[in-house]
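S.K.: need the 3D shape of this:
(2 chains)
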Amino acid sequence: MKTTAFLAWITLSAAAFGWTEHFTFENIATPPGMDPQVGAMDCMPDGRIAVAFHRGEVMFLNPTDNSWKLFATGLQEPLGMLVEADGSVLVMQRAELTRLKDTDGDGSADEYETVFDDFGMSGNYHEFAYGPARDTEGNLFIVLGVASNGAPMAPEIRGEFSEIGQVDFKGMITRETWGKNKNTAGRMYARVKWRGWVLKISPDGKKMEPYASGFRSPNGIGFDAKGRLLITDNQGDWRPTSPLYDVRRGGFYGHPASLVWKEGWNGGDPRLMDVGKLDAMQVPAAGFFPQGELANSPTWPVIIPAKGFPEGMAGQTVIGEMNQPNLVRVLDDEVGGVFQTALIPMFDGSPLGIGNNRMVFGNDGAMYVGKTALSWAGGKGITRIKWNGKEFLSLEKIKALPKGFALRFSQPLDSLTIKTLAVKRHTYQYHQAYGAPKKNEELLVVGGATLSEDGMTVTLDVGALAERYLHLIDMTGLLSQEGGKILGNKAWYHVVKAPK
Amino acid sequence: MLDQMVVGPSLVEMRSLYDGKPDDFVNWSIAPQKKRPSVIDMPSMVHVGEEGLRAIYAHVMQVSKGVVAKKQEKGDPYAAAPTHLARPQVMRIFMPDAGPASIAVALDDINSLCWDAGICRLRFAWTGGFIDGFPYWQGNGSSLAKVLGTVKYTEQASPFGKDAAVKFLGYKVKGGLPVFRYKAGEKMVTESYSPVSGGMGFVRSFSVVTTAPLVLDFPDQSGVSVTADKGKLAGGKFTLTPAEAAAFTLTYSLK
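M.R.: Residues are numbered from 1 along each chain as shown, chains lettered A, B, ... in the order given. All right, here's what the predicted structure looks like:
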């Protein structure tokens, strides 16, 4: 995770006003005296909201009276949680995946069972651990962040050290010479095992498969409604802007540090490899969050449930965001078997604010947003968001076409306003440097915009789509037939594969 | 913030650093690096572009003109959290002189210890207070917790031998105190701790499942006297029958 820090006030995206006419945003009081930064959330079988805080407490929020009950303490930077059917709680902390169990039924965890800890720790602050996400067969997926050259490794590490790299072990642990070594160590490094990897863990925790590589600071992992394993990552080195990935077995997802742990790896220091070769190896992002506009530090994906939010959003994925004052809604598309997405701001211009690290839907249909800063810019506490049942205009579906897009909306459109639709696109350069400006930005000529008979689908002709380009569809000028403004006024569609 | 450092420098401090130096400001924004040990490194703002950064520079210089910086509040705002004050307690955190998977344990108001889950053994024990975790929590893991008190005992190696393969299995909490579970070689071990009543030291209780006599390493240590309720302690070795190994206790009195 990271932030735009002092420049957080630069919000370049136009805020869409009107969310508060349809949703309420309520800040919930956190336990007195405690650091209220939220690292993980899930919903208990009985409807209570389980929350893990920055300093290691796990507490249950009773949503009916907003009271808190302490369940567990002393965890180290919990950044993921999965409640199990029997009420035990899986928590991913720095050193391990832990199952918290209340074996004596007194309401507090008395057993902290180590489910999986067979991965390395260098002691570097940036080695965060995220997950778990569970597939339909009960397998657990975790993903491990890599270390930052903002600091060396600790003198003692856990696990094996990789000799692949320009700085030897002594250089990697010596603070006094770090100023000299840090640049050759790599902006982010993975000198202990499985950093930058997704690990698939069997339901009993006894077997592990290194599942996919190439991650940097993946502060979001979860399955979508169609069973795709989605992972977000943060803009940085080898990340021109923050990506969303559809993660498949054996895939390499762009950040090379992790490759030193690939079985049989003989490519030397991966960051010194030819960039073109690395680019050819990587799986393209299913979505891109443009930095400074939509998201600078995307977080956890969750599925919008069938009840509580507008029906047309049910089953869609929504992702948190640390530095822009919004969440991000994901619209799926598939072209030739390739999953690709349009990403849309949600709750922009609302009282939500920044620091939106974790979300969970309660049994009451409300969304609970847990905030954190973790010493970067962000927020704290919990915001409960409820829909008041009043419908509004939003983009519900998008489909890439050979010459543009089909856009399906939640309400019939004012046909006069579809002429305001505008489309731009740009791409990014994949390189070792930290972030990247937009490249080859161009405004597309809208050759035509036709409205379906029911007034809810626009077919937009902008000519052939360009692969590996992020297409921005600006819908700011759209109005519904009843004159309502659109909420979520921009959609960034990453064309991985263009329809023929 | 305009007049107070939070994550990065305030706009007032930026003015003091970059007034009349727009090129330096742009260069810093593109490649800021980590400048201060106690805070996180700031990411690049390259995506804004030079034109945008120069516009930001102009804005920063304008709004910070004539503004005086406020002093930053120091100290842990959550030091009095009930979960921090609880005794006993178990806290996983980066500790000095230990591995990164270490666990700090406050046995009572006086006695504390560091147990390393990475290598499944006691690292050291101290008296006087617990830990100050604020450097760790504030710096997001870039600093270690501080030991509050005096280290009175340091264990140099696992009693099960330096090369014993270990596997941490977790811990149970009884009355706030930990019962660690792990495998040492093929032996299943539980190891629990409690304070010496009213004094400086700790009681360490083991349960080891073994069919053969158990021989543990216990080199003499200065600053501590150890007594056992079972077995034979002599010459740096501690020998127990399988029946004795099933439940035995060592009491460490610290000076």
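S.K.: going by C-alpha atoms from here, please, whenever you check contacts or count neighbours.
M.R.: OK.
S.K.: chain B contacts on the stretch 51-200 of chain A?
M.R.: Contact residues, the stretch 51-200 of chain A versus chain B (C-alpha under 8 Å from any C-alpha of the partner chain): A:54-57, A:73-76, A:94-95, A:98, A:110-115, A:121-126, A:150-151, A:154, A:156-158.
S.K.: among these, which ones are in strands?
M.R.: Per DSSP state E, strands hold the following members of those: A:T98, A:E111, A:Y112, A:E113, A:T114, A:V115.
S.K.: those residues into TSV, with extra columns for distance to B:K21, neighbour count and pLDDT?
M.R.: Below are these laid out as TSV (distance: C-alpha to C-alpha, whole Å; neighbours: other C-alpha atoms under 10 Å in any protein chain shown; pLDDT from 0 to 100):
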residue	distance to B:K21	neighbour count	pLDDT
A:T98	51	23	98
A:E111	58	22	98
A:Y112	55	25	98
A:E113	56	20	98
A:T114	54	22	98
A:V115	54	22	98
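S.K.: farthest pair in the residues you listed?
M.R.: Taking every pair in those and measuring C-alpha to C-alpha, the maximum separation is 11.7 Å, between A:E111 and A:V115.
S.K.: now do the shared contacts for these two.
M.R.: Counting by C-alpha atoms under 8 Å, 6 or more residues apart in numbering or on different chains, the contacts common to A:E111 and A:V115 are A:R99.
S.K.: output the below-cut-off pLDDT ranges for the stretch 151-255 of chain B.
M.R.: Residue ranges of the stretch 151-255 of chain B with pLDDT under 70: none are present.
S.K.: what residues does it put near chain A?
M.R.: Within the stretch 151-255 of chain B, the positions near chain A by C-alpha under 8 Å from any C-alpha are B:F168, B:L169, B:G170, B:Y171, B:K172, B:V173, B:K174.
S.K.: now the buried members of those residues.
M.R.: Neighbour-count burial (16 or more other C-alpha atoms under 10 Å in any protein chain shown) is assigned, among these, to B:F168, B:L169, B:G170, B:Y171, B:K172, B:V173.
S.K.: can you tell me the SS state at B:M14?
M.R.: Following DSSP: H, G, I helix; E, B strand; the rest coil, we place B:M14 in the helix state.
S.K.: pLDDT score assigned to it?
M.R.: pLDDT recorded at B:M14 is 86.
S.K.: that one: what's it in contact with?
M.R.: B:V60.
S.K.: just give the closest residue to the residue in the stretch 301-450 of chain A that chain B sits nearest to, not the sequence neighbours.
M.R.: The nearest approach of the stretch 301-450 of chain A to chain B comes at A:P437, 4.3 Å away (C-alpha to the nearest C-alpha). Nearest residue to A:P437, sequence neighbours excluded (C-alpha to C-alpha, 6 or more residues apart in numbering or on different chains): B:H47, at 4.3 Å.
S.K.: the one you found contacts A:E293, correct?
M.R.: No - counting by C-alpha atoms under 8 Å, B:H47 does not reach A:E293; the two are 10.1 Å apart.
S.K.: out of the two, which sits in the busier spot?
M.R.: B:H47 (20 against 15; other C-alpha atoms under 10 Å in any protein chain shown).
S.K.: give the contact list for that one.
M.R.: B:H47 makes contact with A:Q291, A:G292, A:G435, A:A436, A:P437, A:K438, according to C-alpha under 8 Å, 6+ apart.
S.K.: equivalent analysis for B:A165, please.
M.R.: B:K183, B:A184, B:G185.
S.K.: repeat for A:L407
M.R.: Neighbour list for A:L407: A:L395, A:E396, A:K397, A:I398, A:K399, A:T457, A:V458, A:T459, A:L460 [criterion: C-alpha under 8 Å, 6+ apart].
S.K.: nearest to A:P284 among those?
M.R.: The closest of those, once distances to A:P284 are taken by C-alpha to C-alpha, is A:K399, at 18.6 Å.
S.K.: just to revisit the earlier point, quick one, which of the contacts of B:A165 are buried?
M.R.: If we count by 16+ other C-alpha under 10 Å, the contacts of B:A165 have these buried: B:K183, B:A184.
S.K.: which single one of the contacts of B:A165 is nearest to B:I103?
M.R.: Closest to B:I103, out of all of these and judged by C-alpha to C-alpha, is B:K183, at 17.4 Å.
S.K.: pretty sure B:T239 is touching B:L233, no?
M.R.: Yes - contact criterion C-alpha under 8 Å: B:T239 and B:L233 qualify, at 6.6 Å.
S.K.: which phi and psi does A:K170 have?
M.R.: A:K170 adopts backbone torsions of phi -60, psi -40, taken as degrees, to the nearest 10.
S.K.: what sits against residue 212?
M.R.: Here I'm looking at chain A. With C-alpha under 8 Å, 6+ apart, A:A212 has these contacts: A:W197, A:V198, A:L199, A:V247, A:R248, A:R249, A:G250, A:G251, A:F252, A:Y253.
S.K.: actually chain B
M.R.: Here B:A212 is in contact with B:T241, B:P242 (C-alpha under 8 Å, 6+ apart).
S.K.: cutoff 7 Å now
M.R.: Shown in contact with B:A212 (C-alpha atoms under 7 Å, 6 or more residues apart in numbering or on different chains): B:P242.
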